[in-house]
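Student: Curious how this folds, go ahead:
(chains A and B)
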Amino acid sequence: MHSLGAPPRRPGELSFAARRRLFLIGGAGLAGLMLWGLEGLPDYGDFSPLYGQLINDVAVQERSTTAVVTAVNFDYRGFDTLIEEFVLFAASLVLVLLLRRLREEKVGPPAEAERRVHTTSAAVRLTCVALVGPAVLLAIYITTHGHLTPGGGFQGGVIAATALLIVYLGSDYPTMERVGPMTLVATAEAVGAVGFVLIGLGGLIATAEFLENFLPHGTAGELISGGTIPLLSLSVGLEVSGAFVLLLSEFLEQLLEIQPKQGTEP
Amino acid sequence: MSFLPYVVVVWICLVGLYGIVTSRNLLHTIVCVAVVQSSTYVLLLAIGYRKDFVAPVFIDIPRGTPAVDPVVQALTLTDVVVGGAVTAVLLAVAVQLHKHLGTLDPDELDPLRD
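Tutor: Reported below is the predicted structural model:
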C-alpha cells in the first residue's frame, strides 16, 4: 500500500505542486490580513487591561489567594474551568470509544516469536525507581499549593500521570497496570469531574450562586486558605491525572495488548 | 521591535498551515495542527505582557506591585489543555485509520475508494 511516489490523481484533484503553489498565494494573503488585524492591537508590552489589573489588585484580599492565575481559573472564571475540565473528560471518553477492541481483534500479549521486547537495563530501572517518588511528591506539591505559588490541578495532574509513565519506562505494561489499576484511574477521573460540580453546587446551596466561593477564605499565604479554590484544584488534579493515564494506557494497549486481525497489517 | 511577537504569531500559524497542506503523513498533520494551535499561546501571552511588570504571584512580593495580566495566562492554560485533548483524539483516529486502510497518507484517503 505504501507507494513512494504520489498516489494516482483522481479527476479534478490538484497535484501536490499546484496545491503548494495555491497555499503560497493564499498563505501570503492570510499573513497580510493577520498582520493588518494584529496591527490594531496595542504595542507589545504596552497594553493595560483593566479587568486583569483589577483582579491583580483585589484577588489577594478578596480570595486570600496569592497566585492570581489560579484565582482566575478556579474562582473568577470557575465556570470556564468546569467546561474545560469536561472537554478533557469528553476527549478521554472519545478515545476509549475509538480505541475499543474491535470484533475481529484478539487481546493478549504478542506471541513470543514476534515479540520485540527489550528488557530494560538495571541502570534505567534504578533511575526510574528513584524518579517515581519525587515525581509523585512534586505532583502533590504542585496540586496542593496552586493557590499560593504557580501551579494547580492541571499541572499537578499531568505530573502525576508522568509518574505512572516512569513506572512503564522502567518496567513493562503489566507492572504499570498493577501500580495504577484501570478501575482506580477511571474512578479518580470520575470523582474529579463530579467533585468540581459538587463543590459548585455547594456554592449554589450556601449562597444561591453556582461555584460561589462559599468556604471561609483564611489568611493569604497559608496552606489552608482561598476557600474552595484548593478543593477545586484538587478535584481537577484527580480528573486530569486520571484522564492522562487513561489516554496513555489506551495507546499503549493498542501497541502491546491488542493483536490485529490476521492478514491486514502490512 | 514592539510588533515582533505578533509577527512570530503569524509565522508560527502559517508554518503550521503549510505543514498541514503539504503533509504526506497523518501523524505529521496532527503535529502541524498542534503547531498552529501553539501560535495562539504566543498571541495570548504577548497581549498580556507588560515591560518591567512581575508575574501575578504575590506570595513574596507586596500586594499592589504592578503585575502582568493574569486573565490571558489563565486562558492560555485552557488553550493548552484543550490542545492536548484535540491531539489525543486525532491520534486515536489516526490509529484506527491505519488499522482499516493500512496507510497514513492523507492523499490515499478517498471515501469513494474501498
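Student: Sketch out the helices for chain B, chain order is fine.
Tutor: B:4-21, B:26-48, B:70-101 (DSSP state H).
Student: buried stuff in the lengthiest helix in chain A?
Tutor: The single longest helix within chain A, with elements called by DSSP H, is helix A:229-256. Within helix A:229-256, the residues scored as buried using 16 or more other C-beta atoms under 10 Å in any protein chain shown are A:229-254, A:256. For every residue, glycine as well, the C-beta is placed using N, CA and C.
Student: next one: stretch B:27-41
Tutor: Buried residues in stretch B:27-41, counted by 16+ other C-beta under 10 Å: B:Thr29, B:Ile30, B:Val31, B:Cys32, B:Val33, B:Val35, B:Val36, B:Gln37, B:Ser38, B:Ser39, B:Thr40, B:Tyr41.
Student: can you tell me which residues contact the third one?
Tutor: With contacts defined as C-beta atoms under 8 Å, 6 or more residues apart in numbering or on different chains, the neighbours of B:Val31 are B:Gly19.
Student: mind checking pLDDT for it?
Tutor: pLDDT recorded at B:Val31 is 96.
Student: what's the answer for B:Gly102, then?
Tutor: Value listed for B:Gly102 in the pLDDT field: 84.
Student: what do you get for B:Arg113?
Tutor: 60.
Student: Reformat the helices of chain B into CSV and put distance to A:Gly12 next to each item.
Tutor: Supplementary listing: the helices of chain B in CSV, determined by distance: least, C-beta to C-beta, whole Å:
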stretch, distance to A:Gly12
helix B:4-21, 18
helix B:26-48, 22
helix B:70-101, 22
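Student: Quick one: low-confidence residue ranges for chain B.
Tutor: Applying pLDDT under 70 to chain B flags residues B:1, B:111-114.
Student: which residues touch residue 33?
Tutor: No chain in the question, so chain A it is. So A:Leu33 contacts nothing (C-beta under 8 Å, 6+ apart).
Student: wait, I meant chain B there
Tutor: B:Val33 neighbours (C-beta under 8 Å, 6+ apart): B:Gly16, B:Ile20, B:Val86, B:Thr87, B:Leu90.
Student: can you rerun that using 10 Å?
Tutor: B:Gly16, B:Leu17, B:Gly19, B:Ile20, B:Ser23, B:Gly83, B:Val86, B:Thr87, B:Leu90 (C-beta atoms under 10 Å, 6 or more residues apart in numbering or on different chains).
Student: again, but for A:Gly156
Tutor: Shown in contact with A:Gly156 (C-beta under 10 Å, 6+ apart): A:138-146, A:233-234, A:236-238, A:240-241.
Student: Roughly how far does it sit from B:Leu75?
Tutor: 20 Å (C-beta to C-beta, to the nearest Å).
Student: next one: A:Leu137
Tutor: Taking C-beta to C-beta, one finds A:Leu137 at 30 Å from B:Leu75.
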